[in-house]
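>>> Sequence and predicted structure, then a few things I'm wondering about:
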Amino acid sequence: MSWFSSPSRMPRDMRDTLFLLAVIAWTLVPHAAWLSPSLSGLCAVVLVWRALLAWTQRPLPGRWALLGVLVAGTAIVWWEQKTLFGRDAGVTLLVLLMTLKTLELRARRDAMVVFFLGFFLILTQFFYSQSLIVTVGMTLAVWGWLTALSLAHMPAGYPSLWQAGRLAGWAALIGTPVMVALFVLFPRIGPLWAMPNDQGVTGLSDEMGLGDITQLAQDRSIAARLRFPEGAPPREPLYLRGPVLTHYDGQRWLTLPQAAPLTTWVPPPGTTPVRYEITLEPLRLALLPLPEHTLQRPEGLPLQGDWPSHPDRWGQWRLPAPAAQRFRLRGEAWPRFVQLEPLSPLWHRTFTATPSKRHPRTRAWADALAQRPDLQGASASQRAQALLTHIRTGGYGYTLSPGALGPDPVDTFWLDQRRGFCEHYAASVTLILRMMGVPARIVTGYLGTDPQPVDGYYIVRQSNAHAWVEYWEQGHGWIRLDPTAAVAPNRVETGQALSPAPTAMDRMMGTWYTDWLLQSRLWFEILDNRWNQWILGYGALQQNDLLQHLGWEGDTLLGLAQILLGLVCASALGGALWAWWDGRRRTPWERLRTLILDRLQQLDVAAQPHHSPAQLADLLAARHGSTAQELVAHFLALEQLRYAQGSDSTASASTPSVALRAWQRQFMDAARRLRAQTL
Amino acid sequence: MAVSAWHWPEALRWRRRLRHWWLGRLPVCESWTLTQRNIYIMPTPAGWAFAATLLLLLIGSINYQLNLGYALTFLLAGSALASMHMTHASLRGLRLHVRAPSPTFCGEGVRLEVVLTNPGATRHGLSLGPATWDAVGELAWAEVPARAQTSVHLSLAAPQRGYQLLPFLHLESRFPFGLFRAWTVWRPLGGAWVYPRPERPSPPLPAHPHDNPSGAQRRHVTGSEFEGVRPWRRGDSLRHIVWKKVARSGELVSRDTPATVQPQRWLDWQDTQLRDPEARLSRLAAWVLVCAAEERPFGLRLPGRELPCSGGAPQRQAALQALAEWQP
């Protein structure tokens, strides 16, 4: 066989096999993004091998070769994953099995196994990405699989791929309403059993060392989308509160493992909450970054699960497990809320603890500040203000690339380099406040959004990650202090994201390029947002909304079940009606014939279905003689109508039905008259 | 028709009886139009496996909270539902009729031509085969283009002589996805003649007293003017037609030469010298074939039946039919 032979001249078997291999490859390709290179390579080699076997029409390898590849593949999986169980290892094995199954594709039963594996692999793809692009690719894969399936069921002849593809597409198209109805109405329940979560997602962390947030500053990916159903966002800078870092070991700041829940809270008198709707991207944290002072559980958390009803005492929304899923929540934030619970001596000690041997120069500087005459016996706020004044006047600057900070980053930053960004300022100020005896802690989270809403949603990016300080003022509670505001007011007041220094490339390409990039990114993000909101974010809350929109009050599950049942009944009834109609479908001629036979029977004429109108006329004349003259004439006219038009019956397809109706009316009248005469 | 060697377990007897009863209810008819009333549809084993796959996909989607997983599952479910209708539609509206099969000898297959008439769109993946009382026989694949007819040739086993009624025919489609199986069973009108298997190699014709050249019935006439002429009969060879006379009179006449005026030969049950009636019939069948091949007229004597002496194709057919339907 020549390498250049066209597909249409290939043997049917070869063509089908190559097509199936192409579909398999298409399904497996996205998996290559997370599979190890060695395994991807193995799969690719096996698929190419199989394709070559098909092309050269050589026999499939024997059992031993197959077993060898299987053992090798399993060994690679074991080597890389250290297990054969769990989600990733399981999916890897599935990919391997699918690839190997192609080497023993013989009987139709084998083929069916491949088909079912294929659908399964499409699903496993969604573990890793549910993006629009992957979805489009996987939709094509479904189409390909269905095409291959129908090709396998056209054993005779040489059906073209396009023919099979059209049939498969048609089936999928007819199935789409079913899909939509089920997708909207199928009750969204929580996971049936807990799955180990091993997804790595960038984002906030529950610990911080200086320099960590720089990575986030480079990450333009979306952390959350915010919408304010009651209009514009609040005037105040919008802080999303994430992990509160309280423990410092001299290197890193850590969160408290446990904090008691906030038990008592009173909304501040005379204030109104800001209502918001937030879509949070998956996090690796067991914590929801929500707008600050969200005091009650937001709506939209999955029905199952041990969700807290209030934030903990430090204002964090702790979850029982890391939030690997996308949350779409609705809540209220009380911007002027102040926590008035007293700080116990134990907590006081915790929040003023500093490692005694670290940062000697900064400690000396803090001691000197505390000894300043105007700060002797001053309140915590006065000390904090003094620090802010120092930052404003001390030649500090804001930069995302402060360079190497040496063995003692706090000393170097605070006393020498004086260039840094939020985490440097927050960490240093917290430390100095503690050194001066003021209970203080670092709060991390996100600050601000993109300036323009996309589709009504304000986008919070990973680059909006921020760190700020809270200190304890006796009688006033925890007070937020954002030292970054003193050096870069823009960052805080307008909520602009951190942006890395422009690269040489950016400078060369000029602004039009970045404008174009921004514009296209904006469009893509609009699309992506719609996708996220409508498809991926569709859950129990949205189902509830839909039911309420439809006027349903009460149990969501029951409502969904009733609507589904109603739809099933309606479509079954529709199908039955169609079947009835289809069974009774007759041409106008057939209907007319039934009518004529019926009437003639009443007139005592033994008419048969095969009689032509002229024959009926003869029969009538024989039975009733001249009294039936009128009716005989009618039948002769019908004979004309039926046969005189010649063979061209399609051209006058519409006129006969009109003529027939008119004829039928006249015929009925005449038959009635004749009946009256003869009786 | 083919007697199934299948033995049903005791517990399944009722199923067989049920099928018997149900097949017995089917009308015998000349042509079979497939409508809602005579098409049956059930999921195939692959269909059940697909349902199980869907369930797994659904559980996976629920557990990992994958909205796209839901979408995939429901899309596949919808497509499967659509495929059910497509499977049904690939049979609905078809019309079947069989061409009368030509007679065959026992042991050779009966070649049955079933004509599928398709008034609608193209039908793919049809399989047709004889349905015995218990199971479905060998299937032949067919495809009928839109608004066209296709013939499907079935080879039916014919182990018994006689006039065999046509078997139940089973038409099935699993198109497009093989998840559902739609089928119909039809009892076509008519049958096929199955002649006794002729003995091979064909035995010599029985020595007969009339074979003697000095026999009274032999008219030995030499000279062309004395050659008799008689009206042409079916089965006469063209070589024996007297074309000169035909040209003159316009009537077909055959030469009554010694070759054609062969003695009447009787193929007699008694002459077979065999015990087994079937073997006797086989031998007689072989003789009939020899006589027919040699274009010599013959008569057939069976116990209780006698076929007068004659020649030609009608005689051959009548004789073979007589042998086929002979009952002791």
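Done, it's in. Numbers count the residues shown, from 1 in each chain, chains lettered A, B, ... in the order given.
>>> from here on, contacts and neighbour counts on C-alpha atoms
Fine.
>>> quick one: the strands in the stretch 451-600 of chain A?
Taking DSSP state E, counting those that start in this stretch as the criterion, the stretch 451-600 of chain A contains strands spanning A:458-461, A:465-473, A:477-481.
>>> Determine which of these approaches chain B most closely.
Chain B sits nearest to strand A:458-461 of all those, at 22.0 Å, using C-alpha to the nearest C-alpha.
>>> Tell me the pLDDT of residue 267.
You didn't say which chain, so I picked chain A. At A:Pro267, the model reports a pLDDT of 69.
>>> actually chain B
Note for B:Leu267: predicted pLDDT of 84.
>>> Run through the residues that contact it.
B:Pro206, B:Leu284, B:Trp287, B:Val288, B:Phe298, B:Gly299, B:Leu300, B:Arg301 (C-alpha atoms under 8 Å, 6 or more residues apart in numbering or on different chains).
>>> Backbone dihedrals for it, please?
phi -100, psi 110 (degrees, to the nearest 10).
>>> if we can go back for a sec, quick one: which of the contacts of B:Leu267 has the most company?
The residue in the contacts of B:Leu267 with the most neighbours, by other C-alpha atoms under 10 Å in any protein chain shown, is B:Leu284 (30 neighbours).
>>> Give me the phi and psi angles of residue 292.
Because you didn't say which chain, this covers chain A. phi -60, psi 140.
>>> hmm, I had chain B in mind actually
phi -70, psi -40.
>>> My guess is it contacts B:Ala318. True?
No - the pair B:Ala292 and B:Ala318 does not pass the contact test of C-alpha atoms under 8 Å, sitting 11.7 Å apart.
>>> Same drill for these two, tell me which one is more crowded.
For B:Ala292 versus B:Ala318, neighbours defined as other C-alpha under 10 Å are more numerous around B:Ala292 (19 against 13).
>>> number of nearby residues for the closest residue to that one other than its chain neighbours?
With sequence-adjacent residues excluded and distances taken as C-alpha to C-alpha, 6 or more residues apart in numbering or on different chains, B:Ala292 is closest to B:Arg316, at 6.2 Å. Neighbour count of B:Arg316, defined by other C-alpha under 10 Å: 22.
>>> wait, what's in contact with B:Arg316?
The contact partners of B:Arg316, taken as C-alpha under 8 Å, 6+ apart, are B:Val288, B:Leu289, B:Ala292.
>>> ok, so of those residues, who is nearest A:Ser131?
B:Leu289 (78.9 Å; C-alpha to C-alpha).
>>> pLDDT value on the closest one, please?
B:Leu289 is given a pLDDT of 89.
>>> Equivalent analysis for A:Leu636, please.
87.
>>> Hmm, it is touching A:Ala617, no?
Yes - the pair A:Leu636 and A:Ala617 qualifies as a contact (C-alpha under 8 Å) at a distance of 6.8 Å.
>>> beta partners for A:Leu226?
A:Ile278, A:Tyr458 (DSSP bridges).
>>> secondary structure class for the residue of the stretch 201-328 of chain B found nearest chain A?
Of all residues in the stretch 201-328 of chain B, B:Pro314 sits closest to chain A, at 35.4 Å by C-alpha to the nearest C-alpha. State at B:Pro314, reduced to three classes by DSSP: H, G, I helix; E, B strand; the rest coil: helix.
>>> now swap in the one 4 residues further on and tell me
For B:Ala318, the reduced secondary structure class is helix; criterion used: three-state DSSP.
>>> What is the burial count for the nearest residue to A:Thr83 once chain neighbours are set aside?
Leaving aside its sequence neighbours, A:Thr83 sits nearest to A:Ala89 (C-alpha to C-alpha, 6+ apart; 6.7 Å). By the criterion of other C-alpha under 10 Å, A:Ala89 has 19 neighbours.
>>> Repeat that for A:Gln325.
16.
>>> Distance of the residue lying closest to it once chain neighbours are set aside relative to A:Arg461?
Nearest-residue entry for A:Gln325: A:Pro282, 4.9 Å, with adjacent residues in sequence omitted and distances by C-alpha to C-alpha, 6+ apart. As for A:Pro282, its distance to A:Arg461 is 13 Å (criterion: C-alpha to C-alpha, to the nearest Å).
>>> So which of those two has more stuff around it?
Each of A:Pro282 and A:Arg461 has its neighbours counted (other C-alpha under 10 Å); A:Arg461 has more, 24 against 20.
>>> can I assume that one is in contact with A:Ala223?
Yes - A:Arg461 is within contact range of A:Ala223, at 4.8 Å (criterion: C-alpha under 8 Å).
>>> For A:Trp34, give its distance to chain B.
When distance is defined by C-alpha to the nearest C-alpha, to the nearest Å, A:Trp34 is 18 Å away from chain B.
>>> That residue and A:Gly73, how far apart?
From A:Trp34 to A:Gly73 the distance is 16 Å (C-alpha to C-alpha).
>>> These two: which is more packed in?
A:Gly73 (21 against 11).
>>> Quick check: which ranges of the stretch 51-200 of chain B have low pLDDT?
Applying pLDDT under 70 to the stretch 51-200 of chain B picks out residues B:133-136.
>>> quick one: the strands in it?
Assigned by DSSP E, counting those that start in this stretch, the stretch 51-200 of chain B shows strands spanning B:95-99, B:104-105, B:110-118, B:123-131, B:140-144, B:148-156, B:162-165, B:168-173, B:180-188, B:191-195.
>>> Can I get the ones you listed in TSV including mean neighbour count?
Conversion of the strands of the stretch 51-200 of chain B to TSV gives the following (neighbours: other C-alpha atoms under 10 Å in any protein chain shown):
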stretch	mean neighbour count
strand B:95-99	18
strand B:104-105	20
strand B:110-118	20
strand B:123-131	24
strand B:140-144	20
strand B:148-156	17
strand B:162-165	17
strand B:168-173	23
strand B:180-188	23
strand B:191-195	23
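>>> Of the ones you listed, which is nearest chain A?
Using C-alpha to the nearest C-alpha, the nearest of the strands of the stretch 51-200 of chain B to chain A is strand B:123-131, at 4.8 Å.
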